[in-house]
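*Asks:* Below are the sequence and a predicted model for it; my questions follow.
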Amino acid sequence: MDVNDGSGRGRRRYDSPLRDRRARQTRQAIVAAANRLFVERGYAAASLADIAKEAAVARPTAFAAFGSKAALLREVVDQALAGDDEPVPVAERPWFRPVLEGRTPQAVVNAYAEVCRLIGGRAAEIFEVVRRAADEGPETADLWETMQRNRRAGAAMVIDRIESLGPASHDLDHERAVDIVWMFNDPSHYRALVRTRGWSDQAYTAWLADQMRHALGLGTPGRSEPSAKTI
């Protein structure tokens, strides 16, 4: 529709889905470029100007989209963990639902091992970037602490589900059980075993599930080392 702008001339006011889509595409290009450069160079060495150039946008565009390099790093982490930029809670994402729908403690742990594998594949490298940058300033230190708290919150969801299945699910107190899962859900394990040592995703997931079940008293461990066929 036309509205008067005070000059006697009419101007058209409208919502532009195309403009919104392009703005989102620009943001995603910046996030992807930042992820690449942060991993390749480290947080400190990857400037906002370099990221803008990598994304083929002007530096003011990158700044306007995120406000600061620290805010951009936080967005990179969030999208690496979630897999996209949709504002959907973890518990409602399809790849996490099997954890909350597991009918036995073993099924819950097995499903969570797959979640850890998925997140490790997407976020292990950027986790390492933030870990190394945590000493470089309060913003990166705060982000690292937030990431640790979120990891523990995820571990608590696993234990809550296990405990909801019955009082005899495990013999540990709640906090100790959460601590154990929190230790195992660290993406650095994926980075070390899959990216560095060459384990297959299948071997890693099986090993992780086996170790978590054993640590929680849900079964005896099997063979932890992957066979040659699974690497």
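*Replies:* Good, I have the coordinates.
*Asks:* Show me the helices in the chain, by range?
*Replies:* Using DSSP state H, the helices of the chain run over 17-41, 48-54, 59-66, 69-82, 97-101, 105-133, 138-164, 174-184, 187-190, 201-215.
*Asks:* In TSV: these, plus distance to Val90, mean pLDDT and mean neighbour count.
*Replies:* Any C-beta I mention is one placed from the backbone N, CA and C, and that applies to glycine too. TSV is the format used below for the helices of the chain (distance: least, Cβ to Cβ, whole Å; pLDDT from 0 to 100; neighbours: other Cβ atoms under 10 Å):
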stretch	distance to Val90	mean pLDDT	mean neighbour count
helix 17-41	19	92	16
helix 48-54	27	95	18
helix 59-66	22	91	17
helix 69-82	7	95	20
helix 97-101	10	96	16
helix 105-133	9	97	21
helix 138-164	7	96	17
helix 174-184	15	97	17
helix 187-190	15	98	21
helix 201-215	18	97	20
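*Asks:* What residue, apart from its backbone neighbours, is nearest the spatially most central residue of the chain spatially?
*Replies:* Taking Cα atoms, centre = their mean as the criterion, Leu81 is the residue nearest the geometric centre of the chain, at 1.5 Å. Nearest in space to Leu81, with sequence neighbours left out and distances taken as Cβ to Cβ, 6 or more residues apart in numbering, is Ala123 at 5.4 Å.
*Asks:* got the contact list for the one you found?
*Replies:* Residues counted as contacts of Ala123 (Cβ atoms under 8 Å, 6 or more residues apart in numbering) are 77, 80-81, 187.
*Asks:* if I look at it, how far off is Thr61?
*Replies:* According to Cβ to Cβ, to the nearest Å, Ala123 and Thr61 sit 26 Å apart.
*Asks:* Regarding stretch 95-115, how distant is the last residue from the first?
*Replies:* One end of stretch 95-115 sits 7 Å from the other (Cα to Cα, to the nearest Å).
*Asks:* While we're on Leu216, how confident is the model there?
*Replies:* Listed pLDDT for Leu216 reads 94.
*Asks:* Can you get me a residue count around it?
*Replies:* Counted with other Cβ atoms under 10 Å, residues neighbouring Leu216 total 24.
*Asks:* OK, contacts around it?
*Replies:* 105, 109, 162, 170, 172, 177, 180-181.
*Asks:* Just name the closest of those residues to Ala56, please.
*Replies:* The closest of those to Ala56 turns out to be Val181 (Cβ to Cβ; 41.6 Å).
*Asks:* what residues are up against the residue lying closest to Leu37 once chain neighbours are set aside?
*Replies:* Among residues not flanking Leu37 along the chain, Ala46 sits closest, at 3.9 Å (Cβ to Cβ, 6+ apart). If a contact means Cβ under 8 Å, 6+ apart, then Ala46 has 34, 37-38, 40, 69 as its contacts.
*Asks:* Can you pick out the most distant pair from those residues?
*Replies:* Across the contacts of Ala46 (Cβ to Cβ), the longest gap, 15.1 Å, separates Glu40 and Lys69.
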